[in-house]
Every structure is written in structure tokens, then in C-alpha cells.
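Trainee: quick one, structure for this:
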Amino acid sequence: MVILEDTAEIRCAAENAVCLHTSDTIDMARLLKSTMRLRPDRIIVGEVRDGAALTLLKAWNTGHPGGVTTVHSNTAMSALRRLEQLTAEVSQQPMQAVIGEAVDLVISIERAGRGRRVREVINVEGFSGSRYQTEHYAQIDEDIHAA
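Mentor: A predicted model of the protein is given here:
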């Protein structure tokens, strides 16, 4: 498992975790490309906020069986559109098919009182025609309190 972040925020107790951080000379896209040589089982990125999203999606689609990231958006579906915007920063080609293949699950979390709660969960089954093929799960109303 490889964890990539701009700022160290994720705490992981797994024995096989390697944490790497960006610097003034090494950006997230470069870290992701280097990570692929390590052959990790999971790639975790603290937050994608630029064109490095495309590099991450490609990594998830090239034999690295999955990972986790965060992206700022208002809903689970808008997270997919946000990934489209981020990939458009580095590619003129539409990347919906790549997103639909790489992303399995989107969990939207919102602030609630002094904590957070899961707002919605969608299962992404792919992209066909002009839309993402998704299954919408029921809203979960349980509060998640900050540790």
C-alpha cells in the first residue's frame, strides 16, 4: 500500500504501508508515476486537485487493483464530473470511460453538527453513451464524529 499526500494527514497502522509526500520539486503526478514502479496493491492519494487525477485513474486501470482518494464536490455524481474537470487540465480527450472503469464507489460526506455524515453512496458500473452507469444506494444518516 502506498499513501501519497501533499501534507501528511493520513494515519495508517498497516505494516506494509509506504507514505510519500510531494515537495517543491516533486508534484503529485510525478509521485504517482514513481509509485507505479513499486507495484503496490493499493494506491491512496490524500486529495486530487489537479491533472494528476488522470495519472491516478490510469494507475488504477493498469493492474493496481484499487485505491482511495478524496475530491471536493457537492454530491457523489458531481465528484465524477469534478474528475472530468481535473483530467481535462492535462488531456483534450474526454476521460469519462477511463473514470467509469477506474472508479467503483463514490461516497459523499457532508458536515453535520460537530461531525460529518455520509450523504450518499453510488456504485459506478461504467460509462456508456453519454452517462455514467450507476447504482444509487440509500442515504446513510449516521453521524461520523471527528476523532
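Trainee: mind naming the longest helix for this structure?
Mentor: helix 76-88 (DSSP state H).
Trainee: and the next helix or strand past that one?
Mentor: Next helix or strand after helix 76-88 toward the C-terminus (DSSP states H and E): helix 96-102.
Trainee: can you list the neighbours in contact with that next one?
Mentor: With contact meaning C-beta atoms under 8 Å, 6 or more residues apart in numbering, helix 96-102 is reached by 54, 57-58, 60-61, 80, 83-84, 87, 124-128, 132-133. C-beta: built from backbone N, CA, C; applies to glycine.
Trainee: give me the pLDDT for Ala52.
Mentor: Per-residue pLDDT puts Ala52 at 96.
Trainee: wait, a helix at Cys19?
Mentor: No - assessed with DSSP: H, G, I helix; E, B strand; the rest coil, Cys19 is strand; it does not lie in a helix.
Trainee: can you name the residues bridging to it?
Mentor: Ile3 (DSSP bridges).
Trainee: please report how far it lies from Met1.
Mentor: Cys19 sits at a distance of 10 Å from Met1 (criterion: C-beta to C-beta, to the nearest Å).
Trainee: now do stretch 21-33, average pLDDT.
Mentor: 95.
Trainee: ok, stretch 1-10 next?
Mentor: pLDDT averaged over stretch 1-10 gives 94.
Trainee: kindly check the end-to-end length of that stretch for me.
Mentor: 13 Å (C-alpha to C-alpha, to the nearest Å).
Trainee: buried set for it?
Mentor: By 16 or more other C-beta atoms under 10 Å, the buried positions in stretch 1-10 come out as Met1, Val2, Ile3, Leu4, Glu5.
Trainee: contact partners for the fourth one?
Mentor: Contacts were defined as C-beta under 8 Å, 6+ apart; by that measure Leu4 touches Cys19, Leu20, His21, Thr22, Met28, Leu31, Leu32, Thr35, Ile43, Ile44, Val45, Gly46.
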